[in-house]
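fold the following for me, if possible:
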Amino acid sequence: MIDGETVVDAHVHVPRLSTLKPAWFEWADSFSGDHPWRDAYDQRGDPVPERLDALLEAQGVDRALLFCEYSPRATGIQPIDDLLPILAHNPVRFRLVANVNPHLHHPVVAEAERQLDLGAVAVKLHPVHGGFDPADKELYPLYALCGERGVPVVVHSGTSSFPGARARFGDPQLLLDAVEDFPDVQFVFAHGGRGWWYDTAAFLALAKPNVWLDLAGLPPRKLPEYYARFDLPRLATRWIFGTDWPGVPGASRNVAALRALGLPADTVRAVLSGNAAKVFPGLGV
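Numbers count the residues shown, from 1 in each chain. Prediction:
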């Protein structure tokens, strides 16, 4: 907790460092500032559950959603299985988020089911790093599965600086048919349409009750600039707090910057934990 408020970080990356490409380290070191994220790792570059747990505890993070990724053309492959020791160490603080790539997983439903059975509380798609269209009807069975399981779909929205990324697949508008065809599935646009699509993501979040924006990778102090065309207090009711750890100068700093926006207290509380509790099953907050 931070000043009595529960904090859910809904966007955290804790891969084994040996699975990553050089651009990932440049990204992490550039955006983490003096935050000691490497303290969570041993000399081999493997995450140490006890160290990660302590680091997030010190930052005031009560729940952390851990992302895996299967994007060989961009960051590499960071399998969900590598995260299981962290989940086992503290199943209260940590939750898993599944990830599938239709270029690697066929059928995608079978792999999504495997990862959900490991305890994942959501399924992430990274069309920008994976190089695929999230509107492809091949993914419709996946969306149907998420509806049956009652888990949300997290989709990378916006640009990416990683070599091999295909930014055109980050357009939130590509998901419009799926959002309308699966009204019982909650869609979380990670990074809130970062880059060219802030307006598109914000409009969809306000127009569609099953669309949310996660704030990962977005400095909170710049949110009024990014969403200048919108009523910020109203749009904030559709936000879910996330940091994109370790590419952040600490969760507590982002929480402080979010509070400095002057939003209503109940809205801030919803952003920090309440909205995540509505969208992600079993957080216990």
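
only C-alpha atoms for contact and neighbour calcs from this point on.
OK.

how about the strands of the stretch 51-200 of the chain, start to end?
63-67, 69-71, 76-78, 94-99, 120-125, 153-158, 187-194 (DSSP state E, counting those that start in this stretch).

can you redo the ones you listed as CSV with distance to Gln173, mean pLDDT and mean neighbour count?
Output for the strands of the stretch 51-200 of the chain, formatted as CSV (distance: least, Cα to Cα, whole Å; pLDDT from 0 to 100; neighbours: other Cα atoms under 10 Å):
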stretch, distance to Gln173, mean pLDDT, mean neighbour count
strand 63-67, 23, 98, 24
strand 69-71, 22, 95, 24
strand 76-78, 27, 95, 19
strand 94-99, 21, 98, 26
strand 120-125, 15, 98, 24
strand 153-158, 9, 97, 26
strand 187-194, 10, 96, 27
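
could I get those strands as JSON lines with distance to Ala28?
Converted to JSON lines, the strands of the stretch 51-200 of the chain look like this (distance: least, Cα to Cα, whole Å):
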{"stretch": "strand 63-67", "distance to Ala28": "15"}
{"stretch": "strand 69-71", "distance to Ala28": "16"}
{"stretch": "strand 76-78", "distance to Ala28": "15"}
{"stretch": "strand 94-99", "distance to Ala28": "20"}
{"stretch": "strand 120-125", "distance to Ala28": "20"}
{"stretch": "strand 153-158", "distance to Ala28": "17"}
{"stretch": "strand 187-194", "distance to Ala28": "16"}
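
quick one, which of these gets closest to Phe280.
strand 120-125 (6.1 Å; Cα to Cα).

contacts for that closest one, please.
Strand 120-125 is touched from outside by 67, 95-101, 112, 116, 134, 146, 151-156, 280-282, with contacts defined as Cα atoms under 8 Å, 6 or more residues apart in numbering.

next: stretch 277-285.
For stretch 277-285, using Cα under 8 Å, 6+ apart, the contacting residues are 6, 63, 95, 121-122, 150-152, 186, 273-274.

could you pull up the mean pLDDT of that stretch?
The average pLDDT for stretch 277-285 rounds to 95.

so what's the residue count around the residue nearest to Ala260 when sequence neighbours are not counted?
In space, and not counting its chain neighbours, Ala260 is closest to Arg221: 7.7 Å by Cα to Cα, 6 or more residues apart in numbering. Arg221: 15 surrounding residues under other Cα atoms under 10 Å.

the nearest residue to Tyr140 once chain neighbours are set aside: neighbour count?
For Tyr140, ignoring the flanking residues on the chain, the nearest one in space by Cα to Cα, 6+ apart is Ala178 at 7.6 Å. Residues contacting Ala178 under the criterion other Cα under 10 Å number 20.
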